[in-house]
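In: okay, predicted coordinates and the sequence, questions at the end:
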Amino acid sequence: MNQAHVDFVLRIADDSLILGHRLSEWCGHGPVLEEDIAMTNIALDLIGQATSLLNHAASLQGEGRTGDDLAFLRFDREYRNLLLVEQPNGDFGMTMMRQFLFDAYRTILFERLQSSSDEMIAAIAEKSLKETKYHLKHSSEWVIRLGDGTEESHARIQESLNTLWRYANELFYTDAVDDEMRNAGILPDLSDLRQQWENTVNHVFQEATLTIPANNWKQEGGRKGMHSEYLGYILAEMQYMQRAYPNMEW
Amino acid sequence: MVTTSDLWLWLEEVSDPEIPVLTVVDLGVIRSVETDGKNAHIVITPTYSGCPAMKMIEDQIIEKLKEKGVDECTVALTLSPAWTTDWISEEGKNKLREYGIAPPENEPDKTVLFAKPTLVPCPKCNSSNTRMISLFGSTACKAHYQCNDCLEPYDYFKCLR
């Protein structure tokens, strides 16, 4: 087993799983029916991606575990997702801002991963990219609608941006895992990832009349398993059945 | 003696669980069929990563082929090449329209932000005076539209490529 390879896949998988779970919390609580349906559709795409990715990580591990085992039987320190995706839903604007910052990054990542030397990763990226393009279209339009909307919607989504901006830098986190994956051809060149992401984000924020906060405080740790307090609560809810009734199926 | 043309014919009796008017063959999710004369091996691909119908499609294929006298039937899942609405047959598109679901239009690339919503003619009255209500609809593969003329709310099978 190549630990870096497993970690690399888990990072992408856990982003999908945790954000998918977060979005699913909106089920039945959306501000309007159409958005309730949209958020749960996006959640479904993300959880579908997570299923493929976690199954792949489990097979790379080669220890007889399944994707389900990885989702339901790891502890918080073993999760590799970004801090951004575990942040609470807040109001609808906060959820759309979190989604937009993530979608803008994810679209570029999946575009590049289509040429990964890991054929399964390339296949999952090709499939997921088609879905992620829809997600980005949806979230960017809402950021613009709310930012360039009423005085109140503008103030609230600007506040969401101020809150979430500290987690955006982690999108570009790299370490030895990335170096090893790049050398193996599994991770294509992403040196212009930040530039590409900023192009999208600046364009949308300009349309939305939003201002990137001057405060440069950056928070990271998720890629190494150091999470905010929120992840534990997510896992407590998500893993409850499997922890309470080990090996149950339905 | 089972042939691959038998298999294709029989698979046309398996309908999509979420859009029963379409068969799995119309939908383009059957990627390959193989047989040694007695057993069958079918490869399918999901429409969307999280499509909840895949397990049911697999079970229905196995059930149908057993019923037709195939000894052993295995179904495998493939992700690449990724499914696209271009694989929906012309017949499938007509069936969708008759059923009240607007079939996929030739859409520009979604990466172009700020593009105007796709013009989707009403499947009831064929008017082009329609509006998009939501990019997401009752299943992962559909968007929600309404006709401004006859007021019909309808599903649009959104373009995926």
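Out: On my side now, so go ahead. Numbering: from 1, shown residues only, chains lettered A, B, ... in the order given.
In: pull the contacting residues for the residue of chain B found nearest chain A.
Out: Closest contact between chain B and chain A, by Cβ to the nearest Cβ, is at B:Gly50 (2.6 Å). Glycine gets a C-beta too; all of them are placed from N, C-alpha and C. By Cβ atoms under 8 Å, 6 or more residues apart in numbering or on different chains, the contact set of B:Gly50 is A:44-49, A:51, B:140.
In: farthest pair in these?
Out: Spatial extent of these (Cβ to Cβ) is set by the pair A:Thr51 and B:Ala140 at 13.7 Å.
In: those two: which has the busier surroundings?
Out: B:Ala140 (25 against 20; other Cβ atoms under 10 Å in any protein chain shown).
In: against which helices or strands is the helix or strand A:Ile42 falls within packed?
Out: Assessed by DSSP states H and E, A:Ile42 sits inside helix A:33-61. Helices and strands in packing contact with helix A:33-61 are listed as helix A:3-24, helix A:67-72, helix A:92-113, helix A:119-147, strand B:130-134; criterion 3 or more Cβ pairs under 8 Å, 6 or more residues apart in numbering or on different chains; DSSP states H and E.
In: of those, which approaches A:Lys224 most closely?
Out: helix A:3-24 (9.5 Å).
In: can you name every helix or strand that that closest one contacts?
Out: Against helix A:3-24 (3+ Cβ pairs under 8 Å, 6+ apart) you get helix A:33-61, helix A:67-72, helix A:83-86, helix A:92-113, helix A:176-183, helix A:230-244.
In: pick the most deeply packed of those helices.
Out: Compared across the helices and strands packed on helix A:3-24, helix A:83-86 shows the largest average neighbour count, a mean of 25 (mean count of other Cβ atoms under 10 Å in any protein chain shown).
In: starting at the chain centroid, how far to that one?
Out: Distance, stretch centre to chain centre, for helix A:83-86: 7 Å (Cα atoms, centre = their mean, to the nearest Å).
In: residues of chain A that sit close to chain B?
Out: A:34-35, A:37-38, A:41-42, A:44-49, A:51-52, A:107, A:119-120, A:122-124, A:126-128, A:130-131, A:133-134, A:136-138, A:140, A:200, A:203-204, A:207 (Cβ under 8 Å from any Cβ of the partner chain).
In: nearest residue to the residue of chain A found nearest chain B in space, please, no chain neighbours.
Out: Of all residues in chain A, A:Gly48 sits closest to chain B, at 2.6 Å by Cβ to the nearest Cβ. Excluding the flanking residues, the one nearest A:Gly48 by Cβ to Cβ, 6 or more residues apart in numbering or on different chains is B:Gly50, at 2.6 Å.
In: got the contact list for the closest residue to A:Asn41 other than its chain neighbours?
Out: Using Cβ to Cβ, 6+ apart and skipping residues adjacent in sequence, the residue nearest A:Asn41 is B:Phe136, 4.2 Å away. Shown in contact with B:Phe136 (Cβ under 8 Å, 6+ apart): A:34, A:37-38, A:41-42, A:134, A:138, B:142-144.
In: can you do 10 Å?
Out: A:34-42, A:44-45, A:134-135, A:138, B:142-144, B:158 (Cβ atoms under 10 Å, 6 or more residues apart in numbering or on different chains).
In: so what's the residue nearest to A:Leu53 when sequence neighbours are not counted scoring on pLDDT?
Out: Nearest non-adjacent residue to A:Leu53, counting by Cβ to Cβ, 6+ apart: A:Ala13, 3.5 Å away. The predicted structure scores A:Ala13 at 98 on the pLDDT scale.
In: where do the helices of chain B begin and end?
Out: All helices of chain B, identified by DSSP state H, fall at B:4-11, B:24-27, B:54-67, B:90-99.
In: can you give me how far the last one is from the chain middle?
Out: Looking back up the chat, that one is helix B:90-99. Counting by Cα atoms, centre = their mean, helix B:90-99 comes out at 10 Å from the chain centroid.
In: contacts for stretch A:198-216 next, please.
Out: Contacts for stretch A:198-216 (Cβ under 10 Å, 6+ apart): A:97, A:100-101, A:103-105, A:107-108, A:136, A:139-149, A:154, A:157-166, A:168-169, A:192, A:194, B:111, B:113-114.
In: and B:Ala53, what's its pLDDT?
Out: Residue-level pLDDT assigned to B:Ala53 equals 88.
In: grab the nearest non-local neighbour of it.
Out: Spatial nearest neighbour of B:Ala53, chain neighbours left out: B:Pro17 (4.6 Å); criterion: Cβ to Cβ, 6+ apart.
In: thought that neighbour was touching B:Met56?
Out: Yes: contact criterion Cβ atoms under 10 Å: B:Pro17 and B:Met56 qualify, at 4.7 Å.
In: show me which of the two is the more surrounded one.
Out: More neighbours surround B:Pro17 than the other of B:Pro17 and B:Met56, with 16 against 13 (other Cβ under 10 Å).
In: how about the contacts made by the more buried one?
Out: Per Cβ under 10 Å, 6+ apart, neighbours of B:Pro17: B:24, B:51-57, B:59-60.
In: widest-spaced pair of these?
Out: Once Cβ to Cβ is applied, the contacts of B:Pro17 give B:Val24 and B:Pro52 as the farthest pair, at 15.1 Å.
In: so those two - more neighbours on which side?
Out: When B:Val24 is set against B:Pro52 and neighbours are counted by other Cβ under 10 Å, the residue ahead is B:Val24, at 22 against 15.
In: any idea how far that one is from A:Gly20?
Out: 26 Å (Cβ to Cβ, to the nearest Å).
In: same thing with A:Tyr240?
Out: Separation of A:Tyr240 from A:Gly20 (Cβ to Cβ) stands at 17 Å.
In: try B:Met56
Out: Applying Cβ to Cβ to B:Met56 and A:Gly20 gives a distance of 21 Å.
In: got it, and A:Tyr105?
Out: 16 Å.
In: okay, and the common contacts of A:Thr51 and B:Ala140?
Out: By Cβ under 10 Å, 6+ apart, the residues touching both A:Thr51 and B:Ala140 are B:49-50.
In: in chain B, which spans are strands?
Out: B:30-35, B:40-44, B:73-77, B:101-102, B:130-134, B:142-147, B:153-157 (DSSP state E).
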